[in-house]
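Student: Below are the sequence and a predicted model; questions follow.
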2 protein chains.
Amino acid sequence: MTVEEQVLKIGADAKAASRKLAKLSTRKKNAILEAMAEELDAQRAFIQSENEKDLEAGRAAGLTPAMLDRLELTDARIDSMIKGLRDVAVLNDPVGHEISTWNRPNGLEIHKRRVPIGVIGIIFESRPNVTCDAAALCFKTSNTVILRGGKEAIHSNLAIASAMQKGGEAKGMPANAIQLIPTTDREAVRVMSQMTAYLDLIIPRGGEGLIRAVMEMAHVPVIKHYTGVCHTYVDASANLSMALRISENAKCQRPGVCNAMETLLVHKDIAAEFLPAMGEILEKRHVEMRGDEATCKLIGSAVPATEEDWRTEYVDLILSIRVVDDVNAAVEHINTYGSGHSDAIVSEDDKATVTFLNEVDSATVYVNASTRFTDGAEFGMGAEIGVSTDKLHARGPMGLEELTTYKFVIEGKGQIRE
Amino acid sequence: MTVEEQVLKIGADAKAASRKLAKLSTRKKNAILEAMAEELDAQRAFIQSENEKDLEAGRAAGLTPAMLDRLELTDARIDSMIKGLRDVAVLNDPVGHEISTWNRPNGLEIHKRRVPIGVIGIIFESRPNVTCDAAALCFKTSNTVILRGGKEAIHSNLAIASAMQKGGEAKGMPANAIQLIPTTDREAVRVMSQMTAYLDLIIPRGGEGLIRAVMEMAHVPVIKHYTGVCHTYVDASANLSMALRISENAKCQRPGVCNAMETLLVHKDIAAEFLPAMGEILEKRHVEMRGDEATCKLIGSAVPATEEDWRTEYVDLILSIRVVDDVNAAVEHINTYGSGHSDAIVSEDDKATVTFLNEVDSATVYVNASTRFTDGAEFGMGAEIGVSTDKLHARGPMGLEELTTYKFVIEGKGQIRE
């Protein structure tokens, strides 16, 4: 079989399985998730020995320590996958929920009801725990899933998927409800992106290169989880000690994630008071600062920022800083250079706040809080498959509800259209 | 300027205008819609003389009478556009609506709020009234719109768009809120489909060829309004006189539209009683019947159907008919050959009904009613931009709400993430 034939067969099998999966009750699905958790625990030694093969190949291929760390399935990480399966089992099942119901004057009864999307493709990079987390969320929402992981984690991914399949099928999960593409050939990504006959949605999870490649090729709808070029704007009216605390948190608490701050914007009227204090804190936290001219005058250690810096997601201890004339200039900067992810204003002035919250065109906008809160768990959604920077279907953190669509179910008594 | 430069400029202008448009109040938008209606009325003679140019060119090019009819802007059609603008003004504005609000244990207040999508592209074919209808719905939802109509209606489209611009701008509509691509070069469609920097969504409205072409090229998200291969399944338990009435209505009341029935499925146990009576009615209505073997035995005038017939949207007085073993076979047929638009069961048996409504994977599923009701106005949505056969973002009739997205607005008191 060619790669194309192989992937198309996986697609056809997933579509056939999705009709069977749609018939499982919530109780049944939860029992299957528990069985998967138990099987993952039972196969811990096997999963770790398969993971060791990936780690060995990774060391031989010269992966960086950070990449090897992402790849490694420690006991704690396997525990966390097992806990994740049990957490998802406890969450409310959105499938079947009546979003709304109304009657028409002619007596028709219209029900708008949540249903699974169908078949979801997840294309991801190195972290093998995505296999488990993403499959669990798709399964709970009665979607069949086709997983495509990075080649450096192929043995780990196959081991995790096969444990989930074995545990799940023993409890009545339809065969092919969860499938992992076994080939590491990149042609498989092209075929997946274009097989509109079988796939209803692709969610790419990984770096910008991966997402862009999928988007260029895709005929299947894609929900993108792009970069987070997140901003904090400190208004002239801000409580400055609050602004220092929020900015430090947004940049330093976990710099390698998409909701960390990459650019700090400061109103010109408080720049002379605020920036030297901010600079001192950031220096202590070993943050490299790249500023505009006004910033460089106020913070000695700051180096000049380039046009490219304003667009860059550093995911590192680096920060761009710019002094702006007012809230309108801040909004303009964010809508020009940002990525529509998460942006915050620190302000005690209602007018500036309302302008910022209304006019910044991002999935999540904050007043007086750290952008680090953009996250399914922090929002109380229980779990998330990612944070969408798209505007269609789902925007911001995507939980279980966002993995469903709806259908209209209409009950009549013989009505015909006049 | 090349076509590409011209379209990219229109895109950039639309994006700039969308920030201004987002600031208009509902009251202001409604006043602008009224001003557009008045200007359309004032320019009636000019619009009709421009329309005459298109009609003349169409006659010279040998367009069919049906195509010329679709193109013509009679007084009644202009009245209907004017009424459409006033109807949209009266509808509730979804923008700004709080979908939900909740508090987190750390005191953060989360608001999920409806906002415009941004810039919407509408690519359509011959009927010039789409210019007015689509622009009105996008404007009411604070989206700027880029319209691209068929070349055979270019003079009519330009005249309508310019009347709406003139009327609207006199009342404070931002320039470039409504734009029509003035060139008929097909290259413009490619540029639109790929300008992800400016366009948030494309809705193609027209034949399958147009939609497929846009989908193949597009990097911008597309919501498709594909074919309607709609089914009616008559169960063994059906009230047969109701089944005759519903089937006749679904096929004959307006055969040229997407929610008309194209295939009739009949349970084998009642085929001998039902089909001869159905055949008689359809003969009287001049419907050509194409059936499987069992059908051809029961209806003398039916000709054999080919595999291709089951997949065909006739939008004409032609009907495919098949006898099936039971509701499961009906579901299987619909999920294999249908287009996920609208499908109905006629049944008095709860078990068969529930199976059908749950398992048919279509935007709208009916029990004991005609598929002809799939329509924004019939659903009580007030207006519709079309009927989505996609599963993401919007499914089924799309009204004003479906032309919006949401953002999360989060109010804090200095919270940082621990």
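Tutor: Received the coordinates, thanks.
Student: Now A:Glu283: closest residue in space, sequence neighbours ignored.
Tutor: A:Ser301 (5.9 Å; Cβ to Cβ, 6 or more residues apart in numbering or on different chains). The C-beta positions use only the backbone N, C-alpha and C, and glycine is treated the same way.
Student: Now do that neighbour against B:Thr336, distance only.
Tutor: Between A:Ser301 and B:Thr336 the computed distance is 67 Å (Cβ to Cβ, to the nearest Å).
Student: Neighbour count for these two, which is higher?
Tutor: The residue with more neighbours, out of A:Ser301 and B:Thr336, is A:Ser301; 13 against 9, by other Cβ atoms under 10 Å in any protein chain shown.
Student: Double-check that the more buried one belongs to a strand.
Tutor: No. Under DSSP: H, G, I helix; E, B strand; the rest coil, A:Ser301 falls outside any strand and is assigned coil.
Student: which residues touch it?
Tutor: Contacts were defined as Cβ atoms under 8 Å, 6 or more residues apart in numbering or on different chains; by that measure A:Ser301 touches A:Gly279, A:Glu283, A:Met289.
Student: between the residues you listed, which is closest to B:Ser247?
Tutor: Proximity of the contacts of A:Ser301 to B:Ser247 (Cβ to Cβ) peaks at A:Met289, which lies at 72.8 Å.
Student: what about the residue lying closest to the closest one once chain neighbours are set aside, neighbour count?
Tutor: Across the structure, with Cβ to Cβ, 6+ apart as the measure, the residue nearest A:Met289 apart from its sequence neighbours is A:Ala302 (4.0 Å). The local packing of A:Ala302 (other Cβ under 10 Å) involves 22 other residues.
Student: try A:Ala238
Tutor: A:Ala238 has 23 nearby residues by other Cβ under 10 Å.
Student: Assumed it was part of a helix.
Tutor: No. Assignment of A:Ala238 by three-state DSSP gives coil, placing it outside any helix.
Student: anything in the helix or strand containing A:Leu8 near chain B?
Tutor: Taking DSSP states H and E as the criterion, A:Leu8 maps to helix A:3-21. Yes. Contact of helix A:3-21 with chain B (Cβ under 8 Å from any Cβ of the partner chain) involves A:Arg19.
Student: CA atoms only for that helix, dumped as CSV, please.
Tutor: This file holds the C-alpha atoms of helix A:3-21, laid out as CSV (Å, rounded to 0.1, in the frame of the first residue of the first chain):
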residue,chain,number,x,y,z
VAL,A,3,1.2,6.1,2.0
GLU,A,4,-1.9,7.7,0.4
GLU,A,5,-3.8,4.4,0.3
GLN,A,6,-2.8,3.7,3.9
VAL,A,7,-4.0,7.1,5.1
LEU,A,8,-7.2,6.9,3.1
LYS,A,9,-8.0,3.5,4.5
ILE,A,10,-7.5,4.9,8.0
GLY,A,11,-9.9,7.8,7.1
ALA,A,12,-12.6,5.4,5.8
ASP,A,13,-12.3,3.3,8.9
ALA,A,14,-12.5,6.3,11.1
LYS,A,15,-15.7,7.5,9.3
ALA,A,16,-17.3,4.1,9.6
ALA,A,17,-16.4,3.9,13.3
SER,A,18,-17.8,7.4,14.0
ARG,A,19,-21.4,6.2,13.3
LYS,A,20,-20.9,3.4,15.9
LEU,A,21,-19.3,5.7,18.4
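Student: Same question for that helix: list its buried residues.
Tutor: When neighbours are counted by 16 or more other Cβ atoms under 10 Å in any protein chain shown, the buried residues of helix A:3-21 are found to be A:3, A:6-8, A:10-11, A:13-21.
Student: same thing with stretch A:240-256?
Tutor: Across stretch A:240-256, burial judged by 16+ other Cβ under 10 Å covers A:242-253, A:255.
Student: Then stretch A:290-307?
Tutor: Buried positions in stretch A:290-307, judged by neighbour count with 16+ other Cβ under 10 Å: A:Arg290, A:Gly291, A:Asp292, A:Ala294, A:Thr295, A:Cys296, A:Leu298, A:Ile299, A:Ala302, A:Ala305.
Student: Domain map for chain A?
Tutor: A:3-224+A:394-411, A:230-373 (automatic domain parsing).
Student: now the ones you listed in TSV, with mean pLDDT?
Tutor: Below are the domains of chain A laid out as TSV (pLDDT from 0 to 100):
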stretch	mean pLDDT
domain A:3-224+A:394-411	96
domain A:230-373	97
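Student: wait, which of the ones you listed is closest to B:Ala163?
Tutor: B:Ala163 sits nearest to domain A:230-373 of all the domains of chain A, at 30.1 Å, using Cβ to Cβ.
Student: Just give me how far the closest one sits from the chain centre.
Tutor: Relative to its chain's centre, domain A:230-373 lies at 23 Å (Cα atoms, centre = their mean, to the nearest Å).
Student: circling back: how far off centre is the helix holding A:Leu8?
Tutor: Relative to its chain's centre, helix A:3-21 lies at 25 Å (Cα atoms, centre = their mean).
Student: Many thanks, have a good one.
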